[in-house]
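**Q** return a 3D structure for these sequence lines:
(2 chains)
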Number of protein chains: 2
Amino acid sequence: MSDTLIAATYSVRGPIEQASDRIEALRLEQTVELPRQALPTDFDEGPILPVLLDAPRPTAAGYRFTLGFHPATAGACPLQLLNLLFGNSSLHAAIVLEEITFPPALDRVLPGPAFGIEGLRKLTGVRRRPLTCTALKPMGLDPRALATVAGRLAAGGIDLIKDDHGLADQAFCPFEERIRRCLDAVEQAGAGGERQPLYVPNLLASGARLDDQVELCRHLGIRAVMVEPMLLGPGNLVEWARQGEMAVIAHPSLAGGRGLAPSALLGRIFRAFGADAVIFPHHGGRFAWSASTCRAIADRLRDVDRQRRTSLPVPAGGIDLERVGEVIEFYGKDVMLLIGGSLRVPPEQLEERCRRLVDGVAAAGEEP
Amino acid sequence: MSDTLIAATYSVRGPIEQASDRIEALRLEQTVELPRQALPTDFDEGPILPVLLDAPRPTAAGYRFTLGFHPATAGACPLQLLNLLFGNSSLHAAIVLEEITFPPALDRVLPGPAFGIEGLRKLTGVRRRPLTCTALKPMGLDPRALATVAGRLAAGGIDLIKDDHGLADQAFCPFEERIRRCLDAVEQAGAGGERQPLYVPNLLASGARLDDQVELCRHLGIRAVMVEPMLLGPGNLVEWARQGEMAVIAHPSLAGGRGLAPSALLGRIFRAFGADAVIFPHHGGRFAWSASTCRAIADRLRDVDRQRRTSLPVPAGGIDLERVGEVIEFYGKDVMLLIGGSLRVPPEQLEERCRRLVDGVAAAGEEP
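**A** Next comes the predicted model:
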């Protein structure tokens, strides 16, 4: 689309007759944030204001167009990139940021995943088939009880056992004790096998507490962590991807896509910022996201995006065990199925239901 | 409403006949994230699942109800509080988090502003009248040119001269040089006067770079900074409020339209997390927020919220100088008017237009 500019496609609800005014307003709003008459007389807008790459075309509810932003206006700061593309415009209910394409100039600023799909396959020893994941829950169990669940899930053959995103550092389940016990349980369950199930702690804190959580994980040899980028701040993804010590799985808490299209935020941004895997609600579960939204996210996590590694799509949000085949057919093999509740009902059939999931993905892996 | 629980009021679009199913789903989704049948048989849901404090009542488009969450499920983590109240529900387009009330148990976790309205009045020496603020722009000027603008605005009598939120650390305007030059210019303009205009840098970075920015501001004796909490991560607000060294002005970049009502996010959450002042678009400017939304934000920044200090409302987003009287009438005296473009058109009348703003707020301060 452009070799030098950051291309951002917006859709706007409203009459296309107003498009040129709206586009002009957006060009100013997202950069100089001044009316044109207030710019200094010798101001050179060329290197600062975005240019129109694609003229407005009608959509069902309005129109769509593409602006090209100058990488220099983002500087070397991924957060300023978000500011630039959608900071103030997020306050306009009629505008949606639909798609982003990054030029080579941002390769260093937005490194993408340190591990990516291939890295996660190496970490888990799963070479061809879809990966499996489940969440440790419910909140309310103490570390010992959670560790017991973790051990059973790992023994059941699940590849990644991650904390539920609501497991923080509550008094009834302190972070450090939880991490130590669950890690032990998962490692013991995997000992001697050819695959190494991974325990994936949820990091959720700020300031020195977050540093402490990261440090403990490093110290214990944790290989992958989960984070909620929209809570911790998306800049942390970039920091961790640069360090490249632990794989990072991004969770969509508070990432609800009104304004930022899910495919732009979870697909383009989370991947470019360094998420090795991205969790999102699969259609037909507890959340009303459409099949085409899920398809668009997965496509953007796995397409050719310059030199960036691909990120693993992790459909979730109430996938029923009965749907394993369908989900694999939908995403193909480079996917991680995150199944929570459906493994746990009824509770006494946990091992049997894990087996069904494991068999389902194994069958898919043997396809030509 | 409750002395012990975190009260969260939600509105849902849809038939009220489905309310009880929806409420039950939300109670599970936001805590245990499992179907009820998957909970261990001896699981005590009492201390974990939220309780219904206010039964659903019809609204224009659906219904509204209030849940009471147990503080222990948030632990001592403000980010987990956001997870708990709205993390996954942000992915449901039909649900809006409308209002939050914090119980005494969260007083230590959510300290509120370290300075607040009274602290900002002390820092600026402005005792009774509304405060004034403007933004340094446009992006594209180098530090020397921005410092010249800053000096003229400070000489014009503006109380706070803040960086535009798009000023990051771009090559054409490096952070350190900008901060040093603009601070000098503002301090020189205020030297010897009875009021001290404040220069307010925009912090925008992650990891070690953010630490460096904070450290430079400390070192230079900066008294107030601006941040975009939804970019940096809202947890940083809490950290800085706890440290209490610099006042923090919160900017709403990327804070729009995700199912979190502006009055809940900018009013309740930003204040409880420690913002001393909160910027938001005043109605009738460039953004389509309503008068009642602005009223609701300002009310929540300034109401009695346990022992928390009040936060200063900062209406912005294209306020015309002609509207100064109207804006003050709308908010009263405990407000900071953030006027950008309207001070700058035409550019040669900057001093005269600053004077009109200063006179406008001075007149308001002498009212009984």
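**Q** domains of chain A?
**A** Domain ranges of chain A: A:6-106, A:116-365, per automatic domain parsing.
**Q** what's the span of the shortest one, first residue to last?
**A** Taking C-alpha to C-alpha, to the nearest Å as the measure, domain A:6-106 stretches 9 Å from start to finish.
**Q** now do it, average pLDDT.
**A** In this model, domain A:6-106 carries a mean pLDDT of 96.
**Q** from residue A:72, how far out is the residue nearest to residue A:30 when sequence neighbours are not counted?
**A** Using C-beta to C-beta, 6 or more residues apart in numbering or on different chains and skipping residues adjacent in sequence, the residue nearest residue A:30 is residue A:84, 5.8 Å away. Heads up, the C-betas are built off the backbone N, CA and C, glycines and all. Residue A:84 sits at a distance of 11 Å from residue A:72 (criterion: C-beta to C-beta, to the nearest Å).
**Q** in terms of neighbours, single out the busier of those two.
**A** It is residue A:84, of residue A:84 and residue A:72, that has more neighbours when counted by other C-beta atoms under 10 Å in any protein chain shown, with 26 against 14.
**Q** contacts only, for the more buried one.
**A** Counting by C-beta atoms under 8 Å, 6 or more residues apart in numbering or on different chains, residue A:84 touches A:6, A:30, A:31, A:69, A:73, A:74, B:166.
**Q** wait, the fourth one sits on residue A:48?
**A** Yep, that's residue A:69 we're talking about. No - contact between residue A:69 and residue A:48 fails when scored by C-beta atoms under 8 Å: they sit 9.6 Å apart.
**Q** kindly report the residues of the stretch 101-250 of chain A close to chain B.
**A** A:135, A:137-141, A:145, A:164-166, A:168-172, A:204-207, A:209-210, A:228, A:230-236, A:238-239 (C-beta under 8 Å from any C-beta of the partner chain).
**Q** of those residues, buried ones?
**A** With burial judged by 16 or more other C-beta atoms under 10 Å in any protein chain shown, the buried subset of those is A:135, A:137-141, A:145, A:164-166, A:168-170, A:204-206, A:209-210, A:228, A:230-236, A:238-239.
**Q** which ones among those residues lie within strands?
**A** Those of these mapping onto strands are residue A:135, per DSSP state E.
**Q** just the ones in helices from the buried ones among the residues of the stretch 101-250 of chain A next to chain B, please.
**A** Counting by DSSP state H, the part of those found in helices is A:145, A:209, A:210, A:230, A:231, A:232, A:235, A:236, A:238, A:239.
**Q** what does residue A:27 show for phi and psi?
**A** Dihedral pair for residue A:27: phi -60, psi -40, per degrees, to the nearest 10.
**Q** pretty sure it contacts residue A:69?
**A** No - the pair residue A:27 / residue A:69 is not scored as a contact, 9.5 Å apart, by C-beta under 8 Å.
**Q** any common contacting residues for those two?
**A** Common contacts of residue A:27 and residue A:69, defined by C-beta under 8 Å, 6+ apart, comprise residue A:50.
**Q** so the two - more neighbours on which side?
**A** Set residue A:27 next to residue A:69 and count neighbours by other C-beta under 10 Å: residue A:69 wins out with 25 against 19.
**Q** who are the contact partners of the more buried one?
**A** With contact taken as C-beta under 8 Å, 6+ apart, residue A:69 is in contact with A:5, A:6, A:8, A:30, A:31, A:50, A:84, A:85.
**Q** identify the bridge partners of it.
**A** On the basis of DSSP bridges, residue A:69 is bridged to residue A:6.
**Q** ok so, going back, take the ones in helices among the buried ones among the residues of the stretch 101-250 of chain A next to chain B and write them to TSV, including pLDDT.
**A** TSV is the format used below for those (pLDDT from 0 to 100):
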residue	pLDDT
A:145	97
A:209	95
A:210	95
A:230	95
A:231	96
A:232	95
A:235	95
A:236	93
A:238	94
A:239	93
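**Q** so which of these comes closest to residue B:156?
**A** Lowest distance from residue B:156 to those (C-beta to C-beta) belongs to residue A:235, with 35.0 Å.
**Q** measure that closest one to residue B:168 for me?
**A** Using C-beta to C-beta, one gets 11 Å for the distance from residue A:235 to residue B:168.
**Q** please enumerate the shared neighbours of those two.
**A** Common neighbours of residue A:235 and residue B:168, counting by C-beta under 8 Å, 6+ apart, are A:79, B:205.
**Q** got the residues of the stretch 251-368 of chain A near chain B?
**A** Counting by C-beta under 8 Å from any C-beta, the stretch 251-368 of chain A comes close to chain B at A:252-259, A:281, A:286-289, A:317, A:340-341, A:344-347.
**Q** which of these are buried?
**A** In those, burial by neighbour count holds for A:252-259, A:281, A:286-287, A:289, A:317, A:340-341, A:344-345, A:347, counting by 16+ other C-beta under 10 Å.
**Q** chain A: strands as residue ranges?
**A** Using DSSP E, the strands found in chain A span residues A:6-13, A:51-58, A:62-69, A:95-101, A:131-136, A:160-163, A:198-200, A:224-227, A:247-250, A:277-281, A:312-316, A:336-338.
**Q** who's in contact with the residue nearest to the spatial centre of chain A?
**A** Centroid-nearest residue in chain A, with C-alpha atoms, centre = their mean: residue A:278, separated by 3.2 Å. Counting by C-beta under 8 Å, 6+ apart, residue A:278 touches A:249-250, A:252, A:266-267, A:270-271, A:297, A:301, A:311-314.
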